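Asks: Provide a 3D model corresponding to the input given below.
(one chain, ligands or ions: 1)
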Amino acid sequence: MTDAPTRAGFVALIGEPNAGKSTLLNRMVGAKVSIVTHKVQTTRARIRGIAMEGAAQIVFVDTPGLFRPKRRLDRAMVAAAWTGAADADVVVLLIEAHRGLTQGVEAILSGLEERGTGAPVLLAINKIDRVEAPKLLALTERMNARYPFAATFLISAEKGHGVDDLRADLAARLPEGPWLYPEDQIADAPLRAIAAEITREKLTLRLHQELPYQLTVETEGWEDREDGSSRIDQVIYVARDGHKGIVLGRKGETTKAVGQAARAELEAFLGHRVHLFLTVKVRPGWLEEAERFDAMGLDFKDG
Ligand SMILES: Nc1nc2c(ncn2[C@@H]2O[C@H](COP(=O)(O)OP(=O)(O)OP(=O)(O)O)[C@@H](O)[C@H]2O)c(=O)[nH]1
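Replies: Predicted coordinates:
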């Protein structure tokens, strides 16, 4: 028997808040490689996780900023977010079985129609554990009458029903080609990446608009200690000296608060004690290294 060709590509998972995107990702990807903290609003599509299915590598991206309240829509940002969906090889629209074709879902479908996407759009009706079979059938028909989905999957992300079928179908739709991320990176980079992402998120929450552009967080050290705790060393890189002060805050209080918040979340995530050490460093021109960050699976630029 000949080996199956390798495949790789991007899958955009879209849906209203609370549809179950994180739950589904965790199911498909496994907790270890799922970057679960994604609340940071950026104009870039973000990699949420990478799943291997046979010889296929499925890179899940999400499109932050897509469905924010209309009044505050920043056109450029929303356009960029849609680009994320349009650039994907496959789009999965996740909806809730008990809520059906809501106004929010309708808005997403209109968006897809307006902008168009060359990629097939799959419908995943989630939370099927909450409704009766006849209702599911009716919803499936209604949705498919509304939009030409390439396929429909009835799933329960929480209970795991239908998730394997969805993942296998996604894998089969990806183009043939080499993997986008080396397998060993998928195996060990993620925890460090998640830890860096958590700190970045706390910085964003704390600094809001003041957050320096060209800021990045890297986990440079990780030591699991015998007492069950972890020592994690991270560096916050900024592009200019002036930015260092913003990140540190008066008497270092910003970094301190960020560190405390990040540590608490890391402890909850890892389930054990964490000693987190943050350093702020200036690294002009880190953008040149953007490709390296891309390779780490944290971000990638649109287009
Ligand atoms: N009953 C049921 N609940 C589910 C299922 N999948 C997800 N949920 C619940 O739905 C809620 C939202 O799930 P999330 O995975 O956080 O949803 P999300 O789409 O990532 O939400 P945002 O992060 O706000 O975009 C959680 O309380 C889940 O436990 C399911 O299959 N059945």
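
Asks: got the residues of the stretch 1-150 of the chain near the ligand?
Replies: Within reach of the ligand by C-beta under 6 Å from any ligand atom, the stretch 1-150 of the chain has these residues: Gly15, Pro17, Asn18, Ala19, Gly20, Lys21, Ser22, Thr23, Asn126, Lys127, Asp129, Arg130. Using the backbone N, CA and C atoms, a C-beta is placed for each residue, glycine as well.

Asks: which ones are touching the last one?
Replies: What it means is Arg130. With contact set as C-beta atoms under 8 Å, 6 or more residues apart in numbering, Arg130 has these partners: Glu96, Ala97, His98.

Asks: again, but for Ile198
Replies: With contacts defined as C-beta under 8 Å, 6+ apart, Ile198 is in contact with Thr37, Ala262, Glu265, Leu266, Phe269.

Asks: the ligand: which of those is nearest?
Replies: Nearest to the ligand among those, counting by C-beta to the nearest ligand atom, is Thr37 at 10.0 Å.

Asks: in three-state terms, label Trp222 for me.
Replies: On the three-state scheme (DSSP: H, G, I helix; E, B strand; the rest coil), Trp222 is labelled strand.

Asks: in the sheet, who's paired with it?
Replies: Listed beta-bridge partners, Trp222: Ile232 (assigned using DSSP bridges).

Asks: isn't it right up against Ser230?
Replies: Yes: proximity of Trp222 to Ser230 meets the contact threshold set by C-beta atoms under 8 Å, at 6.5 Å.

Asks: how about the residues of the stretch 201-303 of the chain that lie near the ligand?
Replies: So the stretch 201-303 of the chain never meets the ligand (C-beta under 6 Å from any ligand atom).

Asks: please, which helix or strand holds the closest residue to the ligand within the stretch 201-303 of the chain?
Replies: The nearest approach of the stretch 201-303 of the chain to the ligand comes at Glu201, 12.7 Å away (C-beta to the nearest ligand atom). Taking DSSP states H and E as the criterion, Glu201 maps to helix 183-207.

Asks: tell me the mean pLDDT over that helix?
Replies: When pLDDT is averaged along helix 183-207, the result is 75.

Asks: picking that back up, in strands, which of the residues of the stretch 1-150 of the chain next to the ligand fall?
Replies: Residues of these located in strands (DSSP state E): Gly15, Asn126.
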